[in-house]
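Student: Need coordinates for the below:
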Amino acid sequence: MIRVLLAEDMHVVRTALAALIDLEPDLTVVASVGRGDEVLAAVDATHPDVAVLDVEMPGADGVSVAKSLRERAPGVKIMILTALGRPGTVRGAMQAGATGFVLKNAPAAQLIDGIRAVAEGRMVLQPELAAAAMQFGSSPLTPRESDVLERVADGSSVRDVAETLFLSEGTVRNYLTAILDKLGARSRVDAVRIAQTNGWI
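Tutor: Residues are numbered from 1 along each chain as shown. Below you'll find the model as predicted:
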């Protein structure tokens, strides 16, 4: 029996997916949560074999949760579920340790077969998405610049970023200037868009 954790913020979708998975004789949903920041506790409590994570969730996005799971529960296989097949998201999910990536508009059988494949240690990724993801280069940002931009993406002000990262506000502004230059961005918002599209943050 393959034990599945399901993390999806839309209640109707989550309920429908859980019912669909539970119809299979070899699959069972052992946990169902609606927020990214609820996943780790649910994993600790239920010990699933596969975690199916929506990319966009309140609390923490699926890619961030995947990174945390890889460190905390490396035995749990990860499948990313999303409505958008952005290449940058695919790349980020793969780097975070996900071995499965399924679009929400895929046939139900593809999701079910994907869970089985991921549980067996196989990669599940549509060929066109894999090819597109590989077209993007590695991030031009340093780890510290990525930290700064991730916090800007979350809506933090220069002061907030400085306090969180124990930097001066002037240093944060210098990092932001460097980020805009490296990404060829017109503004912080544009820099965030470019970095997220490419899967760099």
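
Student: you'd agree residue 141 is in a strand?
Tutor: No: under DSSP: H, G, I helix; E, B strand; the rest coil, residue 141 sits outside any strand and is assigned coil.

Student: i'd like the first residue to be 256 from this point on
Tutor: I'll keep to 256 as the first residue from here, and by that count the last item is residue 396.

Student: ok, now which ones touch it?
Tutor: 404, 434, 437, 438, 450, 455, 456 (CB atoms under 8 Å, 6 or more residues apart in numbering). Where you see a C-beta, it was placed from the backbone N, CA and C, and this is true even at glycine.

Student: just checking, the third one touches residue 395?
Tutor: Yes: under the criterion of CB atoms under 8 Å, residue 437 makes contact with residue 395 at 4.7 Å.

Student: Which residue, other than its chain neighbours, is closest to residue 394?
Tutor: Leaving aside its chain neighbours, residue 394 sits nearest to residue 455 (3.8 Å; criterion: CB to CB, 6 or more residues apart in numbering).

Student: tell me the secondary structure for the one you found?
Tutor: Classified using three-state DSSP, residue 455 is coil.

Student: Around it, how many other residues sit close by?
Tutor: 23 (other CB atoms under 10 Å).

Student: Who are the contact partners of it?
Tutor: Contacts of residue 455 (CB under 8 Å, 6+ apart): 343, 347, 394, 395, 396, 401, 449.

Student: And the fourth one, how far from residue 334?
Tutor: This means residue 395. 29 Å (CB to CB, to the nearest Å).

Student: Looking at these two, which one has more neighbours?
Tutor: Taking other CB under 10 Å, residue 395 and residue 334 do not tie; residue 334 has more neighbours (25 against 15).

Student: Would you mind confirming that that one is in contact with residue 304?
Tutor: No: if you go by CB under 8 Å, residue 334 and residue 304 don't touch, sitting 10.9 Å apart.

Student: What about the residue lying closest to residue 313 once chain neighbours are set aside, how many residues nearby?
Tutor: Nearest non-adjacent residue to residue 313, counting by CB to CB, 6+ apart: residue 290, 5.2 Å away. Using other CB under 10 Å, residue 290 is surrounded by 15 other residues.
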